[in-house]
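A.B. asks: Next one to model:
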Amino acid sequence: MLIEFIRINNWRSFYGDNDFLVSKDPSKNVTLIRAENGVGKTSLLAAINWCLFGILPSESEFENPSKLVNECAIQKDGQTKTTVEIDFVHEGKAYRASRSFDQKTETTHPLRLRELADGGEIPSSKDRPDRFINSVIPREMAPHFFFYGEATSRYTGSTGARKFGEAVKGILGSTVARMALEDLRKAWQDFNRQASDNTSAEAQDAEREIEEAVQRIAQYRENLLKLDEEIEAANSRIDRLNQELAGAKPAKEAQTRRARIESQLATRETEKAKALQRSKAWMRTYITSVLAEELVKESAHVVKAEDTRGRLPAPYDQKFVDEILEDGTCVCGRPIAKGSEEFDRIKSLLDSAGDQAVMSRVMTTNTALGRLEAGATRAWSDYERNNEDLRRVEAEIQRLDADLVEISKELAANPLTDIAEKEAARERAKTQRNQAMSRKVDIQTSINNFERQKSGSESKRDELVKKSEAARRFVKRAQLSAALMARLESRLKSEEEAAREAIEREVDAIVKKFMRKPATVELDKNYQLRLYDERKMEIAKSTGENQLLGLAFTGAIAKYAKEREKDVDDILLPGTVAPLVVDSPFGHLDPLYRRSVAEFLPNLASQVILLVSTSQASDAVMGTLADKVGQEYVLTRHNRSDGKGKQPEVIEIRGDTYDLTAYNSEIEGTRITEVR
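C.D. replies: As a prediction, the model looks like this:
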């Protein structure tokens, strides 16, 4: 899909008809839209998502989602309807997608699709426009092409791993395959139930226990997802309050100290986790040596009693001695006469020769005991060293925690009410997050208990079912369903792993080129995105670095989808060429990272639409984007008021001046102006 033209009529903050062209020039593939905060950037992105997919942002990002028609148009012109139209090209054909909403009846009209040819419109032959759009850009992939830049940091935290996994599955278009997998799972459960019904009351009881455990596990997992959302929301509130406190001059120094200490604390927590991992590894490595320590000491005495010194190992003794005596020559070359003292001594070696099996066991045991003894010696030195590391890092964590408490008290006692209230809100969010994390631990424990209960009941049921002739045909069907599930799961896992590795490589390349810290990206099998330094130590990420990683990830997804455009697969949807539309991509970034994002984003998609505030469109950003911008627009906020006492807001672009805010207007709302 390549977007050509977007038109919005009385949509949210936008009054009347507003339209703009989207650049299709491969060498100038960026369309830049500038506006101050609150003027309409998020609304414009929401219009695109809503027109194509019927998706609106959450209420936390989009106030009053039920009010879509511009208020001035309702009051001044009596208009109650809003319409969004998008012209695009797909596989050589031009289309116009449109969706409308009537505020009076609160009715959203279905998506309309028309083909554009010879300057006119003709009804599309697609009987289900929504299905056609879904075939061009699958709905589950939409959030990764049309997205809110400041929210991309969600992918990089602990709660972002699940969203990351969902994004990878979305880019593969595996929804249909997963629906088939769910149907197979239900069939498998039904066949197992029928097998139990044809066995005995005891088997039926076991089946009921399994079903109950499955239901409880599903409920608990839903609760885990809700807790993840609570943690994510709390983290978002903490991040926002951190930024507000950092921007308030009386709190700036304390907030800077807190940010530095929290970064140190994150590093220490990583060190602690690694020390705990070493403790677990210590048990696996040395448990045998430690438990056998006393046994080794006692066994050593027994082994020493079986002396092997000066004895020949059988069966070589008989042949060796016989050959010496027969030749009459010692191994040193001296002659040995029969009946001589030397002859008798050599012959006597046969009397003390060792039994092969016994001597072999003695020597093997002696070697093994030596290894155990050495292992026990190393074990306790490693144990003490690891414990010392753990004590040191825990003491450091306690000290840093105490420093954070003092900073929080300092901010809470600030005479400025606004700062104290923000700190109190931050502490509440932190408490809510910690409580949610604690509940997650309890719920996971319950899930593990029910998993064990389920496994035991399944073993019991399977043993009973094996003895039933009547259940045999249902068992075979259940086995077939299980085999098909295993094959499909294996295939999906393989495809997801390939996608994960490709996206990891792309993000890693971006990080190596643009991040100021020398770092390596790792996207583990649970889709947790981590940064490691040259010593393989995990790096704590700042808010700006999280956003940079999130944008790199989203761009990598768009690139991977583009590369899969021509793929033909029996279970997965092909990739797609689609624009990246990003609202506020530079929000939390410093000048270096803003320039980095401006450099790599245009290279990852065929079209890029950037919605930025004038502060984000800095000289560094504009200098980097200069050769990539094909179309440029300004959003101007019109006000009926006279603006008395307010400073005029204008922007100068290439020698021309454009209003960002206009007063004494006939309308109340936003208008789009093309930059010449």
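A.B. asks: all helices of the stretch 351-500 of the chain, in order?
C.D. replies: Counting by DSSP state H, counting those that start in this stretch, the stretch 351-500 of the chain has helices at residues 356-412, 417-466, 472-514.
A.B. asks: Helix or strand: which one has the nearest residue to Glu59 once chain neighbours are set aside?
C.D. replies: Using C-beta to C-beta, 6 or more residues apart in numbering and skipping residues adjacent in sequence, the residue nearest Glu59 is Pro65, 6.1 Å away. Quick note: C-beta positions are derived from backbone N, CA and C, even for glycine. Counting by DSSP states H and E, there is no helix or strand that carries Pro65.
A.B. asks: ok, back up a step: turn the helices of the stretch 351-500 of the chain into a markdown table, including mean pLDDT, distance to Ala578 and mean neighbour count.
C.D. replies: Formatted as a markdown table, the helices of the stretch 351-500 of the chain follow (pLDDT from 0 to 100; distance: least, C-beta to C-beta, whole Å; neighbours: other C-beta atoms under 10 Å):
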| stretch | mean pLDDT | distance to Ala578 | mean neighbour count |
| --- | --- | --- | --- |
| helix 356-412 | 73 | 44 | 14 |
| helix 417-466 | 91 | 35 | 15 |
| helix 472-514 | 90 | 16 | 16 |
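A.B. asks: Distance to Ser13 added to the ones you listed, as JSON lines?
C.D. replies: Shown next, in JSON lines, are the helices of the stretch 351-500 of the chain (distance: least, C-beta to C-beta, whole Å):
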{"stretch": "helix 356-412", "distance to Ser13": "35"}
{"stretch": "helix 417-466", "distance to Ser13": "27"}
{"stretch": "helix 472-514", "distance to Ser13": "34"}
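A.B. asks: Of all the ones you listed, which one is nearest Gln616?
C.D. replies: Minimum separation from Gln616 across the helices of the stretch 351-500 of the chain (C-beta to C-beta) falls at helix 472-514, 17.0 Å.
A.B. asks: If you count contacts, what does that closest one end up packed against?
C.D. replies: The elements that helix 472-514 packs onto, with contact taken as 3 or more C-beta pairs under 8 Å, 6 or more residues apart in numbering; DSSP states H and E, are helix 160-172, helix 175-197, strand 520-523, helix 543-563, helix 591-600.
A.B. asks: hang on, the earlier thing: who wins for proximity to His109 among the helices of the stretch 351-500 of the chain?
C.D. replies: Of all the helices of the stretch 351-500 of the chain, helix 472-514 sits nearest to His109, with 36.4 Å by C-beta to C-beta.
A.B. asks: quick one: the helices in the stretch 551-676 of the chain?
C.D. replies: Under DSSP H, counting those that start in this stretch, the stretch 551-676 of the chain gives helices at 591-600, 619-625.
A.B. asks: Next, the residue nearest to Glu59: phi, psi?
C.D. replies: As for Pro65, its main-chain torsions (degrees, to the nearest 10) stand at phi -60, psi -10.
A.B. asks: please begin residue numbering at 831 from this point
C.D. replies: In the new numbering, first residue 831, that becomes Pro895.
A.B. asks: quick one, what contacts it?
C.D. replies: With contact taken as C-beta atoms under 8 Å, 6 or more residues apart in numbering, Pro895 is in contact with Leu886, Pro887, Glu889.
A.B. asks: dump the residue contacts of Leu886.
C.D. replies: Leu886 makes contact with Ala876, Asn879, Trp880, Phe892, Pro895, according to C-beta under 8 Å, 6+ apart.
A.B. asks: Let's see that with 10 Å instead.
C.D. replies: Counting by C-beta atoms under 10 Å, 6 or more residues apart in numbering, Leu886 makes contact with Ala876, Ala877, Asn879, Trp880, Phe892, Pro895, Ser896, Leu898.
A.B. asks: Over to Ala1386?
C.D. replies: When contacts are counted by C-beta under 10 Å, 6+ apart, Ala1386 is found next to 974, 997, 1001, 1332-1340, 1353, 1430, 1434.
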